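# sequence unknown, structure follows:
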């Protein structure tokens, strides 16, 4: 989930065949993840028997933005051309890929917070709707995009003031800013978000363990999305592994491995959240 920004020695195609291979593998995983997440999102929105909370839907949307951010050069037809991409396009992609990991980290955290609220409500049902619940829902929906927009604007300003720092890097895979400082800041912000999120995951697990019998024996056990809780915990574990790998890759151990990890995260998100039973049943409707 956290970005790795591998600087290339030069912005040209005079390098090895491995450069082109890396780009193709990178784009393939990004497109697979995007296609899967889009299919899941459309299914959840239009299938009559499927309901998902807006934080779940927002999670899918933010990961689609993540995929688009990293494939912008390909969509513009400037991924592998001999000359560097146009400056406006390159700066736009740089701003998006520094901001995208913050966006998906925040949307994942919002999903965890909503699960916590659902669990808390099941344990202590409120007597009447509260205004602060609406405010909290608004925060869960808007916070990821506010953080994302802040990073986008910051990188746009930095790149505009220092145009020579914008380059096609990462073995020609995407555009970044020279130096690596922006990538390190993004990595630290995302790591902080994910570590807090994991803390909530652990807390939710402890509460579930202590109140398991009461929850299973409640009048509304279906309100507790146990399956989704398990999937969020699994995805959180993957994110923690990603944190550790990221700081290894930031030290320059392996550009190829870092880029593959970036491209695999949307695929993992799709496999973890897009393979729930009701969604799969909607896809094989002819068997009914």
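Now that the structure is in, tell me what you want to look at. What you are looking at is a predicted structure, and each value in this text was computed from that prediction instead of being measured.

# residue 109 touches residue 195, doesn't it?
No. Between residue 109 and residue 195 there is no contact under C-beta atoms under 8 Å: 10.4 Å. In this view, the C-beta of every residue, glycine as well, is placed from N, C-alpha and C.

# with neighbour numbers in mind, choose between the two.
Neighbours were tallied for residue 109 and for residue 195 using other C-beta atoms under 10 Å; the higher tally belongs to residue 109 (23 against 12).

# ok, the more buried one to residue 198 distance?
Residue 109 is 10 Å from residue 198, where distance means C-beta to C-beta, to the nearest Å.

# find the residue at the geometric middle of this structure.
By C-alpha atoms, centre = their mean, the mean C-alpha position of the chain lies nearest to residue 104, the distance being 3.2 Å.

# what's in contact with stretch 20-34?
13, 63-64, 67-68, 70-71, 74, 79-80, 171-173, 255-256, 259-260, 262-270 (C-beta atoms under 8 Å, 6 or more residues apart in numbering).

# quick revisit: identify the contacts common to residue 109 and residue 198.
Counting by C-beta under 8 Å, 6+ apart, residue 109 and residue 198 have no shared contacts at all.

# residue contacts, residue 155?
91, 94, 95, 98, 99, 177, 182.

# nearest to residue 146 among the residues you listed?
residue 99 (11.1 Å; C-beta to C-beta).

# quick one on the thing from earlier: the residue nearest to the centre of the chain contacts residue 61, doesn't it?
No. Assessed by C-beta under 8 Å, residue 104 is found out of contact with residue 61, at 10.0 Å.

# which stretches in the chain count as strands?
Assigned by DSSP state E, the chain shows strands spanning 166-169, 174-177.

# output the below-cut-off pLDDT ranges for this structure.
1-19, 125-131, 170, 212-229, 231, 237-255, 285-288 (pLDDT under 70).

# count the residues that sit near residue 260.
For residue 260, the count of nearby residues is 16 (other C-beta under 10 Å).

# not counting sequence-adjacent ones, nearest residue to it?
Nearest non-adjacent residue to residue 260, counting by C-beta to C-beta, 6 or more residues apart in numbering: residue 25, 6.6 Å away.

# against residue 262, how distant is that neighbour?
11 Å.

# before we move on, what about residue 158?
Residue 158 is 21 Å from residue 262, by C-beta to C-beta.

# kindly report the same for residue 279.
Noted for residue 279: a distance of 25 Å to residue 262, by C-beta to C-beta.

# helices along the stretch 151-288 of the chain, start to end?
Using DSSP state H, counting those that start in this stretch, the helices found in the stretch 151-288 of the chain span residues 181-210, 212-216, 226-250, 255-273, 277-283.

# and residue 78, what are its phi and psi?
Phi and psi for residue 78, reported as degrees, to the nearest 10, are phi -120, psi 20.

# start at 688, not 1
From this message on, residue numbering opens at 688, which makes the last subject residue 765.

# pretty sure it contacts residue 779?
No. Assessed by C-beta under 8 Å, residue 765 is found out of contact with residue 779, at 11.4 Å.

# neighbour count winner among the two?
Ranked by neighbour count (other C-beta under 10 Å), residue 765 and residue 779 place residue 779 first, with 22 against 18.

# pull the longest helix from this protein.
helix 774-810 (DSSP state H).

# residues contacting the residue nearest to residue 800 when sequence neighbours are not counted?
Closest residue to residue 800 apart from its sequence neighbours, by C-beta to C-beta, 6+ apart: residue 827 at 6.2 Å. Counting by C-beta under 8 Å, 6+ apart, residue 827 makes contact with 741, 742, 745, 797, 800, 801.

# thanks a lot, catch you later.
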